[in-house]
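# need a structure here:
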Amino acid sequence: MFKRYTEQARRAIFFAHFEAINRRAAAISTAHLLLGLSWEEDSRAAAMISLKDKLIDVCTLLGIPHRPCTEIPYKTKLEIPLDQDSKKVLAYATKEAGRDWQYWIDTDHLLRGILRFPNQASKALESISLDLTSARAASKRHRAEFPPERTPLLRLAGIWFEPLKMAFLKLVILALVLLVSVLVIRWLNY
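Got it, this is the predicted structure:
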């Protein structure tokens with residue numbers, strides 16, 4: 001499911017999972033995703049939000065109580081599912097990556113996925129004047145300044161040309177069948 005996600009985006013989702021465990025939540029919410037995005041200061045999303053520069057704590061912004069941060073577990077035994085809003089965020093993040101013509105889904109796409117529909121995290125971000133339009137503009141500026149790694153050609157071809165590949169394969173098989181049938185007919189006529 002997360003094979004198109006960058007390492008930082010995967011870590012953000014892991015940190016969201018950790019936040020949900022630490023807060024004893026039944027599911028990973030959009031608030032947990034926003035908390036997960038705020039863990040690493042060098043990610044694209046953190047550069048866009050710049051909460052540290054605004055001296056705003058994410059928990060205070062979300063209106064949720066602080067929990068003491070324990071050690072990051074190497075492997076947690078608790079599997080906490082995503083709630084419906086978090087699943088929407090991941091779907092919208094994929095659409096935002098497509099909008100940027102990017103194969104990889106990065107943390108800025110997750111942040112923009114949060115901002116695409118009303119939820120707890122998007123309301124908190126709107127309270128600091130971060131909306132989808134300004135997030136897209138900030139993401140574009142950040143990508144121009146720090147371009148992402150190039151998309152592997154084979155993976156790009158796998159996404160864009162998969163239907164064409166199947167049609168070409170069917171055409172090759174049909175051509176081989178016709179060639180064999182012509183050769184059999186000619187052989188029978190001799």
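# tell me the centre residue of this protein?
Ile105 (3.9 Å; C-alpha atoms, centre = their mean).
# could you pull up phi and psi at that one?
phi -100, psi 120 (degrees, to the nearest 10).
# isn't it up against Lys3?
No - counting by C-beta atoms under 8 Å, Ile105 does not reach Lys3; the two are 9.8 Å apart. Placement of C-beta: from N, CA and C, glycine included.
# about what we covered before: spit out the contact partners of the residue nearest to the centre of the chain.
For Ile105, the contacting residues are 4-6, 9, 93-94, 97, by C-beta atoms under 8 Å, 6 or more residues apart in numbering.
# change it to 10 Å
By C-beta atoms under 10 Å, 6 or more residues apart in numbering, Ile105 lies in contact with 2-6, 9-10, 90, 93-98, 113.
# also Phe146?
Contacts of Phe146 (C-beta under 10 Å, 6+ apart): 44, 47.
# gap between it and Leu125?
Plainly put, Phe146 is 22 Å away from Leu125 if you go by C-beta to C-beta, to the nearest Å.
# for Leu90, what are its contacts?
1-2, 5, 9, 13, 33, 82, 105, 109-110, 113.
# quick one: it and Tyr5, what's the gap?
Per C-beta to C-beta, Leu90 is found 9 Å from Tyr5.
# residues that sit against both of these two, list them.
13, 105, 109-110.
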